[in-house]
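Asker: What shape does this take:
(2 chains)
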Amino acid sequence: MSLLALEKVEVHYGGIRAVKGIDLVVGQGELVCLIGANGAGKTTTLRAITGLAHAGGRIVYDGEDIAGAKPHEIARKGIALVPEGRGVFPQLTIEENLAMGAYTRGDRAAVAGDVERVFTLFPRLKERMRQTAGTMSGGEQQMLAIGRALMSRPRLLLLDEPSMGLAPIMVDRIFEVIRQIAGEGVTMLLVEQNARLALEASRRAYVLESGLVTLSGEASALLHDPQVRQAYLGE
Amino acid sequence: MVNGLTLGCVYAVVALGYTMVYGIVQLINFAHGEVVMIGCMVAFSVIVALAPTGLPPAVIVGAGIAAAVPACMAVGYVIERVAYRPLRAAPRLAPLITAIGVSIVLQHLALLVWSRNIIAFPQIIELRLFHFGTSETSAAISNVQLAIIGTSIAMMAGLVTLVYRTKLGIAMRATSQNPQVAGLMGIDVNRVISATFLIGAGLGAVAGAMVGTYYGVAHYQMGFLLGLKAFSAAVLGGIGNLAGAVLGGILMGLIEALGAGYVGDFTNVCLMDRFLPGFAEVCAASPESSLFGSNYKDVYAFIVLILVLVFRPSGLLGERVGDRA
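Answerer: Predicted structure coming up:
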């Protein structure tokens, strides 16, 4: 059964249609990726799901249409976004950033346990827990953004370009963690420009071009699709 | 010096109201001075009503403050909800002008409710002086001053604890740094902003009651100058910065008190008559004649504001203003 289903979702910015009616499904426990060039509408799609952008059409999450709901209401339903550019709170400490991830939760003991779990995933964060997030490197901030999203125990985790601007070694580390989280059964929708990495990590994939889904299917099949190879894998 | 410190504490508490709101919505809430004025008026109304009962003065003043805080919180909440929230997405000039408008509206509402007369504080508190030295002429601090300084410090400590130690406080700082991402965390940004206005107004209410008790008078226009000075204090310290507001407020109080006290003496024309002939007649009439006497006390605050804006626009502690990474 699908956890998230977009039906004919459209997003307008001013007079421009950035997303022109896309259908997309993410099943329970699946890792699905959305690939495409700059400006194809990938980030806009995630903004529509999280309520940051006003969307037309239906966005059905857990059997309920959430299109038009406010971001904090959607977050409380169990959708977490790791935003493009990481979006950490630069003048809060690592600890405080993580506490904000768990803002909606009241179970203190379990929250403390989840902080430890994030620190196990990213030991670097533990070393710096009292530093402000703005003093960390891009990769560390990305770790923090993912850790913060996990703190809400999301049922659906949305990741927007987690590899952007990071050193290759850091990208590997981030994807290792993404695979690990997926292995734990967290449902994920991953937006990525690095199509190869994304396709290798995912089960299914959608290709977005100028606001429309042009291709979709099993990630392994797309990885061998000549069109995809030429357009997105640089071959 | 003690006068300056007392005044400075009041400015600091009012400045905190400006700086908190600015920190979270980048809006100078020019109506904050009027909120302080309303706090003072409500407290006075209660105090005047209770004065004949013969209750202990501390209880009466406490009751006045207890009435002023919720009244100001309600005013602060309504201002934000009605005047500022609809303009959240508008260019920054629009809410700024609205703030000035709200300030005028509140002033005239107070004029309608409390009339244009100066309201005097009933003589219920027996002023007692505590001297620092042994002689009767040494510097002294009164019980009212002690109470004002003590209350202010307690409130500032409480605010710091709230902002740095509680979930709401962290959410307030998160919202000020990135409201969009704060929403993604499940934080209801509007509620956090309302909470900020409530807290700022509550602080303002107590400050209003204190300043009224200190000067012994209240007037519907008192909020304007007080608010402007506290705003200058917030800018002096670095607007958006809590520690800056406290430092700026205290400095502002000291500058005003010392400026009024000493600049007047330094420019006393009668002591300079050797260099400035021609003032003999004036001095004969009043030996205290001075070029910049204590009537100029309001000027010093604004001289400081101008100097800060020219030489250090981000304020004393405001290095990070503009850096929102």
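
Asker: Packing partners of the strand or helix carrying B:Ala243?
Answerer: Assigned by DSSP states H and E, B:Ala243 belongs to helix B:242-258. With contacts defined as 3 or more Cβ pairs under 8 Å, 6 or more residues apart in numbering or on different chains; DSSP states H and E, the packing partners of helix B:242-258 are helix B:2-25, helix B:143-165, helix B:222-237, helix B:297-311. For the C-beta atoms, the positions are set from N, CA and C on the backbone; glycine is no exception.

Asker: To A:Val177, which of those helices lies closest?
Answerer: helix B:143-165 (30.4 Å; Cβ to Cβ).

Asker: Which elements pack onto that closest one?
Answerer: Short answer (3+ Cβ pairs under 8 Å, 6+ apart): helix B:143-165 packs on helix B:2-25, helix B:167-177, helix B:189-215, helix B:242-258.

Asker: Run a quick neighbour tally on A:Ser220.
Answerer: 13 (other Cβ atoms under 10 Å in any protein chain shown).

Asker: okay, the spatially closest residue to it that is not a sequence neighbour: pLDDT?
Answerer: Counting by Cβ to Cβ, 6 or more residues apart in numbering or on different chains, A:Ser220 lies nearest to A:Leu199, which is 7.7 Å off, once chain neighbours are set aside. We have a pLDDT of 93 for A:Leu199.

Asker: now the residue nearest the centre of chain A, which residues is it bridged with?
Answerer: For chain A, A:Leu159 is the residue whose C-alpha lies nearest the centre (Cα atoms, centre = their mean; 1.4 Å). Applying DSSP bridges to A:Leu159 gives these bridge partners: A:Val82, A:Leu190.

Asker: Contact partners for it?
Answerer: The contact partners of A:Leu159, taken as Cβ atoms under 8 Å, 6 or more residues apart in numbering or on different chains, are A:Leu81, A:Val82, A:Ile146, A:Ile178, A:Met188, A:Leu189, A:Leu190, A:Val191, A:Glu192.

Asker: what residues does the stretch 51-200 of chain B put near chain A?
Answerer: B:167, B:170-171, B:173-174, B:177-178, B:180-189 (Cβ under 8 Å from any Cβ of the partner chain).

Asker: number of nearby residues for B:Leu203?
Answerer: 29.

Asker: Same check on B:Ser115?
Answerer: Neighbour tally, B:Ser115, other Cβ under 10 Å: 10.

Asker: What score does it have for pLDDT?
Answerer: Reported pLDDT for B:Ser115: 86.

Asker: can you tell me how far it sits from B:Glu34?
Answerer: 16 Å (Cβ to Cβ, to the nearest Å).

Asker: cool, B:Ala234 as well?
Answerer: B:Ala234 is 16 Å from B:Glu34, by Cβ to Cβ.

Asker: Which one's more surrounded, those two?
Answerer: A side-by-side neighbour count of B:Ala234 and B:Glu34, using other Cβ under 10 Å, places B:Ala234 first with 34 against 31.

Asker: What residues sit buried inside stretch A:177-192?
Answerer: Of the residues in stretch A:177-192, those buried by neighbour count under the rule 16 or more other Cβ atoms under 10 Å in any protein chain shown are A:Val177, A:Ile178, A:Ile181, A:Ala182, A:Val186, A:Thr187, A:Met188, A:Leu189, A:Leu190, A:Val191, A:Glu192.

Asker: mind listing the helices for chain A?
Answerer: Here chain A has its helices, by DSSP state H, at A:42-49, A:71-76, A:94-101, A:108-121, A:123-127, A:138-150, A:168-183, A:195-201, A:219-223, A:226-232.

Asker: any idea which of the ones you listed scores lowest on pLDDT?
Answerer: Among the helices of chain A, helix A:226-232 carries the lowest mean pLDDT, a mean of 86.

Asker: What helices and strands are in contact with that one?
Answerer: Partner elements for helix A:226-232 (3+ Cβ pairs under 8 Å, 6+ apart): helix A:195-201.

Asker: Could you export the helix it packs on as CSV, keeping only the C-alpha atoms?
Answerer: Provided in CSV are the C-alpha atoms of helix A:195-201 (Å, rounded to 0.1, in the frame of the first residue of the first chain):
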residue,chain,number,x,y,z
ALA,A,195,21.7,10.2,-10.7
ARG,A,196,24.1,7.2,-10.5
LEU,A,197,24.3,7.2,-6.7
ALA,A,198,20.6,7.8,-6.3
LEU,A,199,19.6,5.0,-8.7
GLU,A,200,22.0,2.6,-7.1
ALA,A,201,20.6,3.3,-3.7
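
Asker: Residues touching it, excluding its own?
Answerer: Helix A:195-201 is contacted from outside by A:31, A:33, A:35, A:163, A:171, A:175, A:178-179, A:182, A:190, A:192, A:205, A:219-220, A:222-223, A:228, A:232-233, using Cβ under 8 Å, 6+ apart.
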